[in-house]
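K.L.:
here's a sequence, model it:
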Amino acid sequence: KLENALASHQESLVVMRGALGLEHLEVAATLDNIGTVLERMGRLEEAMQKHEQALVIKERIVGRNHSDVAKSLGNIGHVYCRMNLLDEAYARHEEGLEILRSCLGTEHLDVARGLDHMAFVFERMGRFRDALTQ
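P.N.:
You can find the predicted model right below:
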């Protein structure tokens, strides 16, 4: 099933690039979707490339301080976590969380999700006390 999802997202990417151009938020979202499927397939290097491509497009279009950019940073953090590169995962999740707080305030559900992701990384690092305070 993941192979079918990947093929559909890749086909969608070709169509979107043709219709919308190479740098569009919908193109970036599709790259993130492809990255997520690749991550689930265990193809972590390829997943990282797709999420990084999405991040670059989003930063060019909306700037650094935007919730869409935070989402890509979180996706990159997830892949780093899967690679067991926990310091890098922490850094990306922390950066994304700060952007979300800045854009959305501290009471937004996306901020709560970001805190959950930070707690998960702390747990993986063995920093259980920090995980409890997130």
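K.L.:
give me the contacts around stretch 49-68.
P.N.:
Contact partners of stretch 49-68, identified using C-beta atoms under 8 Å, 6 or more residues apart in numbering, comprise 22-25, 27-29, 31-32, 34-35, 38, 69, 72-73, 75-76, 79, 99-100, 102-104, 110. No exception for glycine: its C-beta is placed from N, CA and C like everyone else's.
K.L.:
filter those down to just the ones in helices.
P.N.:
Mapping the contacts of stretch 49-68 onto helices (DSSP state H) picks out 25, 27-29, 31-32, 34-35, 38, 69, 72-73, 75-76, 79, 99-100, 102-104, 110.
K.L.:
buried ones among those residues?
P.N.:
27-29, 31-32, 34-35, 38, 69, 72-73, 75-76, 79, 99-100, 103, 110 (16 or more other C-beta atoms under 10 Å).
K.L.:
residue 42 in helix, strand or coil?
P.N.:
Using DSSP: H, G, I helix; E, B strand; the rest coil, the structure places residue 42 in coil.
K.L.:
so what does it have for phi and psi?
P.N.:
When read as degrees, to the nearest 10, the backbone of residue 42 gives phi 90, psi 10.
K.L.:
with the one 10 residues further on instead?
P.N.:
Dihedral pair for residue 52: phi -70, psi -40, per degrees, to the nearest 10.
K.L.:
ok, it to residue 80 distance?
P.N.:
Distance, residue 52 to residue 80, by C-beta to C-beta, to the nearest Å: 11 Å.
K.L.:
of these two, who's got more company?
P.N.:
Neighbours per residue (other C-beta atoms under 10 Å) separate residue 52 from residue 80, with residue 80 holding more: 22 against 16.
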